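Asker: Using only what follows, build the 3D model:
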Amino acid sequence: MNSKTLNPVEKVIVFFGSKAEVSRITGVSNVAVTKWQKKGMFPRTDYTGETSHAHKLARASKGGLTAKELLPTINQ
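Answerer: Next up, the predicted model:
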């Protein structure tokens, strides 16, 4: 699958190699990561600032991913 067609959650799963690794980095269950993947986006709480899963993943990627691309509607 072309990386341009991946949703933001699929991008992080591919980047880190597994849902289990995304789960470990964010501190949520594999079930939660699967829900994000099915919805094609991070939870609403990441957009409102109540959680920071996308930011944690961006930091863990060491420049490979940005919060802006993972949360495309935020202004940075």
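
Asker: For stretch 44-57, give me every contacting residue.
Answerer: Contacts to stretch 44-57, defined as Cβ atoms under 8 Å, 6 or more residues apart in numbering, come from residues 8, 12, 16, 22, 25-28, 42-43, 65, 67, 70-71, 73-74. Where C-beta positions appear, they are placed from N, C-alpha and C, glycine not excepted.

Asker: Please repeat the previous calculation with a cut-off of 10 Å.
Answerer: By Cβ atoms under 10 Å, 6 or more residues apart in numbering, the residues outside stretch 44-57 that reach it are 8-9, 11-13, 15-16, 21-22, 25-28, 32-33, 36, 41-43, 58-59, 64-74.

Asker: Sort out which of those residues are in helices and list them.
Answerer: 8-9, 11-13, 15-16, 21-22, 25-26, 32-33, 36, 58-59, 67-70 (DSSP state H).

Asker: Buried subset of the contacts of stretch 44-57, written for PyMOL?
Answerer: A single PyMOL command selects the buried members of the contacts of stretch 44-57 (16 or more other Cβ atoms under 10 Å):
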select buried, resi 8+9+11+12+13+15+16+21+22+25+26+28+32+33+36+41+42+43+58+65+67+70+71
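
Asker: Quick check: the nearest residue to Ala58 once chain neighbours are set aside vs Gly17, distance?
Answerer: Spatially, and ignoring its direct neighbours in sequence, Ala58 is nearest to Ala67 (4.4 Å; Cβ to Cβ, 6 or more residues apart in numbering). Noted for Ala67: a distance of 20 Å to Gly17, by Cβ to Cβ, to the nearest Å.
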